[in-house]
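[1] Just need the structure, nothing else, for what follows:
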Amino acid sequence: MSQPHTIAVIVGSLRKDSLNRKVARALAELAPSSLKLSIVEIGDLPLYNEDIDQDSPPAAYTAFRQALQGSDGFLFVTPEYNRSVPGVLKNAIDVGSRPYGKSAWGKAKPAAVISVSPGAIGGFGANQHLRQSFVFLDVLCMQQPEAYLGNAATFFDESGRLNEKTRPFLQSIIDAFAKHVERTVEP
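    Below you'll find the predicted structure:
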């Protein structure tokens, strides 16, 4: 068997016990052996500022960019804030895309967006806004199935374990993403 594809998981919520982080962890457990998912933390990234990104960028910028460059693809798991992406996630996108012409997001790498919300709409606005950024970044987003996970607080039991009712749905998403990665990543 060939090596698994490395997937950088970007979680748009900083809370340690956020629903988004729980979903990201559940997806990592459900991932087929063809994928190796690793959360790449974004909470320590200074706000993007070209003035500090000159001769010696912050170590957090460099480490983040290296994690992106070393990945075969990306999985975004994000909440929706004010009908858009959280500021911390937008900042991570900006840090990874700079300096101009040297985007760490790579050329034509596969990605998927999963928006997670305790509300009924499932983070539709954040999901769609993130997809808009992918066009400029040349990130190839999985089109189907779309993943808007509403009422996500019901997905886990009191100890934080994924319930059996939700497991097949998340399994279908990660399996579809694995197929998207296989179709997209060059051998």
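[2] Remind me which helix or strand the residue nearest to the spatial centre of the chain belongs to.
    With distances taken as C-alpha atoms, centre = their mean, Phe76 lies nearest the centre of the chain, 1.6 Å away. Assessed by DSSP states H and E, Phe76 sits inside strand 73-78.
[3] in its sheet, what does that strand sit against?
    Strand pairing for strand 73-78, using DSSP bridges, gives strand 5-11 (parallel), strand 109-116 (parallel).
[4] quick revisit: identify the residues contacting the residue nearest to the centre of the chain.
    9-10, 12, 89, 111-114, 130 (C-beta atoms under 8 Å, 6 or more residues apart in numbering). For glycine as for every other residue, the C-beta is placed from the backbone atoms N, C-alpha and C.
[5] of those residues, closest to Gln171?
    Gln171 has its nearest neighbour among the contacts of Phe76 in Ile114, at 12.9 Å by C-beta to C-beta.
[6] Assess the claim that that closest one and Leu27 are in contact.
    Yes - the pair Ile114 / Leu27 is scored as a contact, 7.5 Å apart, by C-beta atoms under 8 Å.
[7] before we move on, back to that, switch the strands paired with strand 73-78 over to CSV; also include distance to Val139.
    Output for the strands paired with strand 73-78, formatted as CSV (distance: least, C-beta to C-beta, whole Å):
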stretch, distance to Val139
strand 5-11, 11
strand 109-116, 5
